[in-house]
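**Q** Predicted model and sequence below, questions to follow.
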Amino acid sequence: MKIFPAHLSRRRPIRLILAAPALLLGLAALHAGPSFAEGAPVVQPTPESGSATMPEAWNAYFQTTYIWQKKRHFSAPYSGPHSLRTDGEKSYSFTATAFLGLRLWPGAEVYYNPEVSQGVPLSELLGLGGMTNGEMARTAGPTLTGYNARAFLRQTINLGGETAGVASSANQLAGNVTARRLVVTAGKVAVGDIFDENRYAHDSRSDFMNWSIIAHGAYDFAADARGYTVGFAAEYFDPAGWALRAGRFAMPRESNGLPLDHSLITQHGDQVELEINHELLGRTGTVKFLAFRNKANMGSFRDALNLAAGSGNAPDLAQTREARIKTGFGINIEQPISDDAGVFFRGSRADGKSETYAFTEIDNSISGGVVLQGNRWGRADDRIGVALARNGLSRDRRDYLAAGGLGFFLGDGRLNYRPEQILETFYAAQLCKGFAVSLNYQHIRNPAYNADRGPVNVAAIRLHAEY
């Protein structure tokens, strides 16, 4: 099992701390093109109806994001090996990504995203279900590391209907598509690029940052320890206002590990999502229904408890790992309510019988919130958001943790179970074209589902540049 090494220093490299703001400001000054869509999308953007766009042969975009967080001291009568530390802590993350696109032939595009990252997480990324920084990878460390984040082919097959233009953005060449079309994506991507997208809560670089707010908390989607995977997906878009997508992606060889099982047979994650557009309050909203099924070498909470019964030892998932199936579902809603405001909701549930394999330790979750543009106070490019999340565990996982078992992220040694409750709010100020500064605050009750610990307060500053 690959865990963030305990021996890594928690001290922030001073050079990076001082250099990051200057680097971000410099990149903003170099901005000379349209900003890329929020996040790093592979998901198809909404075409501009009735418009036509000159197809691009290639494009290039860039982003860099620096997040600094501070957790205040909180009270707890006890702690375990995988607990959130009670003392005050500081954390940071830094990423920089290039988005390079090239048109191969009509309808075919290839994209490549080299990336570097660096960071030190709070408490070695332990002790929470809803982690506080969506930019923090499970491989985070104080040494700047480069890797290939994405490399994929997208083939669009136009099937008829009205032709509309698609604007240039990161991982999207400008061009034209028809209302009815089939889109096939294959290669190295992030599952969240295609599935579970939400315009109000999906991008920790520009909106909310908590893992259980920017994604389905119970969606144990296929990913390596950095959040990327390999596989394929197909999407059908219909002019009647609905879309259907399905995909299969590689799971890591071991729980939350970096190496992937590329066979897509012995271990894999399957998902299907139905998207339906609707009209409410005179505005177009979207509802998405997701179902997923994972096959992997996972440990069983109940089997681990049964093996440990009568021995006096804590249960251990590692003793029960074998090929197992995990299933789950989710609903994702986004709805504009005015020209400058929108609301969102997510609800998800997994069967909760086996260990988390690629995301975080949540078996059921609901989240929702509102995002408001700054038009009303004369800053149209600013945004403010407020969201709530409630995360829960299955009975099997609760019993396992209460008996002293350790999960990948959780393990207080005992458990006085209560749902984990999270409040997050942010204000993102667009200081100039291509450069934004955000203030973020998160309040977490019952961290790691334990009413004996907390509450926890985390404040953050985020610097983000793109061009």
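**A** Nice, thanks for sending it over. Residues are numbered from 1 along each chain as shown.
**Q** what mean pLDDT does the helix or strand hosting V110 have?
**A** Counting by DSSP states H and E, the element that carries V110 is strand 108-120. Taken as a whole, strand 108-120 has a mean pLDDT of 98.
**Q** and the next element down the chain from that strand?
**A** Per DSSP H and E, the first helix or strand lying C-terminal to strand 108-120 is strand 145-166.
**Q** could you point out which element follows that following strand?
**A** That would be, after strand 145-166 and using DSSP H and E, strand 175-189.
**Q** Provide a list of residue ranges in the protein with pLDDT below threshold.
**A** The chain contains residues with pLDDT under 70 at 1-51.
**Q** what about 50?
**A** For the chain, applying pLDDT under 50 flags the ranges 1-41.
**Q** need the helices for it, in chain order.
**A** 14-30, 211-214, 301-308, 395-402 (DSSP state H).
**Q** ok, E135 - how many residues close by?
**A** For E135, the count of nearby residues is 21 (other C-beta atoms under 10 Å). All C-beta spots, glycine's among them, are computed from the backbone N, C-alpha and C.
**Q** dump the residue contacts of the residue of the chain most remote from its centre.
**A** Within the chain, the residue lying farthest from the chain centre (C-alpha atoms, centre = their mean) is G310, at 40.3 Å. Residues near G310 by C-beta atoms under 8 Å, 6 or more residues apart in numbering: none.
**Q** Distance of it relative to T320?
**A** Distance of G310 to T320, given as C-beta to C-beta, to the nearest Å: 16 Å.
**Q** go on, F359?
**A** 20 Å.
**Q** can you pull the contacts of A186?
**A** F152, L153, G231, F232, A233.
**Q** Next: A387.
**A** So A387 contacts A201, F208, N210, I213, F344, S367, G368, G369, V370, L423, E424, T425 (C-beta under 8 Å, 6+ apart).
**Q** who are the neighbours in contact with the last one?
**A** This means T425. Counting by C-beta under 8 Å, 6+ apart, T425 has contacts I384, G385, V386, A387, N440, Y441.
**Q** go again using 7 Å as the cut-off
**A** The contact partners of T425, taken as C-beta atoms under 7 Å, 6 or more residues apart in numbering, are G385, V386, Y441.
**Q** how much space between it and S438?
**A** When T425 is compared with S438 (using C-beta to C-beta), they lie 11 Å apart.
**Q** Surely T229 touches R248?
**A** No: using C-beta atoms under 7 Å, T229 is not in contact with R248; the gap is 10.0 Å.
**Q** Could you measure from the residue nearest to N332 when sequence neighbours are not counted over to W105?
**A** Leaving out its chain neighbours, the residue that sits closest to N332 by C-beta to C-beta, 6 or more residues apart in numbering is K288, at 4.2 Å. To W105, K288 is 31 Å away according to C-beta to C-beta.
**Q** Show me which of those two is the more surrounded one.
**A** Per other C-beta under 10 Å, whichever of K288 and W105 has more neighbours is K288, with 21 against 7.
**Q** Who does the more buried one form a beta bridge with?
**A** The residues listed as beta-bridge partners of K288 by DSSP bridges are E275, N332.
**Q** can you pull the contacts of it?
**A** Contacts of K288 by C-beta under 7 Å, 6+ apart are E273, L274, E275, N332.
**Q** Most neighbours out of those, which is it?
**A** Neighbour counts for those, by other C-beta under 10 Å, peak at N332, which reaches 26 neighbours.
**Q** My read is that it contacts N198, right?
**A** Yes: using C-beta under 7 Å, N332 is in contact with N198, at 5.7 Å.
**Q** residue contacts, L258?
**A** L258 neighbours (C-beta under 7 Å, 6+ apart): K2, T139, D224, A225, P252.
**Q** Going by neighbour count, which of those residues comes out on top?
**A** D224 (25 neighbours).
**Q** Give me the distance between that one and S255.
**A** For D224 relative to S255 (C-beta to C-beta), the value is 11 Å.
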